[in-house]
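Enquirer: I would like to see how this sequence folds:
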Amino acid sequence: MPDLVLWDIDHTLMATRGLGRELWAHAFEQATGVALREQATVTGSTERVILRETAQLHEIPYTDTLFTRFAAALGEAHIRRAAELRERGHALPGAAALLSRLHDKGVRQSVVTGNVRVAAEVKLAVFGLDTYVNLDEGAYAEDGATRPELLRAALKRARVTPPDAVFFGDTPADVAGGRATGVRVVAVATGRASVAELGSFGPDVVLDGLSDTEQALAAIG
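Expert: I've put the predicted structure just below:
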């Protein structure tokens, strides 16, 4: 077992079934004063990048201050609608069982996610996954714009070297970020990317999901 397992959140551990976009649109309008007309591509990206590119689509200058306002609004929206998130979304099959097994084995776990931290905390809590991870050793949209930046931030916080960590993600960007950082990458085809597409980016292992706990444990190494 590695010293640390890092998890992407959306479409790796859970699905929000459309509520995420509603909350994003609300936070965008709160932060900018402009109703959302069009959102930049979100798959594999981070909230910082999505906000910057979406602001450009609306001819709004992007600044760090804008991101700070947006992050606060998005976090507040997740807190306020946590019960609805629980009703509409769900943890993906096998996620809780795998996190629990790793926890029982004494493996440290955290998250590397493009979400802002408060949103990540709410999502994990409403589906009962927060007890298995140390959020203080993770990395969030506040920590950078790219997956390599976030992975390096998490490794630094956890005081773990890349060869001693494993990263689970569902997008080509997750795979590329893990390879750039030197961590072992387990790709899961639980999002939009297929097994074949994820495999073309060179992860160490590709799984079609997390339902088979023993298979997932073997993939970790």
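Enquirer: And residue 205, how far from residue 198?
Expert: Note on residue 205: its distance to residue 198, by Cβ to Cβ, to the nearest Å, is 10 Å. Just so you know, the C-beta spots here come from the backbone N, C-alpha and C atoms, and that holds for glycine as well.
Enquirer: One more: residue 26?
Expert: Here the criterion is Cβ to Cβ. By it, residue 26 lies 32 Å from residue 198.
Enquirer: the more surrounded of those two?
Expert: Neighbour totals were compared for residue 26 and residue 198, and residue 198 leads with 26 against 17 (other Cβ atoms under 10 Å).
Enquirer: who touches both of residue 205 and residue 198?
Expert: Shared between the contact lists of residue 205 and residue 198 (criterion: Cβ atoms under 8 Å, 6 or more residues apart in numbering) are residues residue 187.
Enquirer: Which single helix of the protein contains the most residues?
Expert: In terms of residue count, the longest helix belonging to the chain (DSSP state H) is helix 64-80.
Enquirer: Quick check: mean pLDDT of it?
Expert: Averaged over helix 64-80, pLDDT sits at 98.
Enquirer: Could I get the buried residue list for it?
Expert: Buried residues in helix 64-80, counting neighbours by 16 or more other Cβ atoms under 10 Å, are found at 66-67, 69-71, 73-78.
Enquirer: could those residues go into TSV alongside distance to residue 56?
Expert: Conversion of these to TSV gives the following (distance: Cβ to Cβ, whole Å):
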residue	distance to residue 56
66	12
67	13
69	17
70	14
71	18
73	19
74	18
75	23
76	24
77	22
78	25
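Enquirer: Out of those residues, the closest to residue 148 would be?
Expert: Nearest to residue 148 among these: residue 67, at 19.1 Å, using Cβ to Cβ.
Enquirer: pretty sure that closest one is touching residue 49, no?
Expert: No: distance between residue 67 and residue 49: 10.2 Å, which falls outside the contact criterion (Cβ atoms under 8 Å).
Enquirer: Domain boundaries for this protein, per the record?
Expert: In the domain annotation for the chain, the residue ranges read 4-15+90-220, 19-85 (automatic domain parsing).
Enquirer: Pull the residues that contact whichever strand or helix holds residue 26.
Expert: Using DSSP states H and E, the element containing residue 26 is helix 19-32. Counting contacts by Cβ under 8 Å, 6+ apart, the residues outside helix 19-32 that touch it are 10, 34-36, 39, 50-51, 54-55, 58, 60, 66, 69-70, 73-74, 76-78, 81, 84-85, 88-89, 119.
Enquirer: ok now the helix or strand following it, how far from the chain's centre?
Expert: Toward the C-terminus, helix 19-32 is succeeded by helix 47-57 as the next helix or strand (DSSP H and E). Here the centre of helix 47-57 is set off from its chain's centre by 17 Å, with Cα atoms, centre = their mean, to the nearest Å.
Enquirer: dump the residue contacts of residue 129.
Expert: 13-14, 91, 95-96, 99.
Enquirer: ok, and the most crowded of these?
Expert: Neighbour counts for those peak at residue 13, which has 27 neighbours (criterion: other Cβ under 10 Å).
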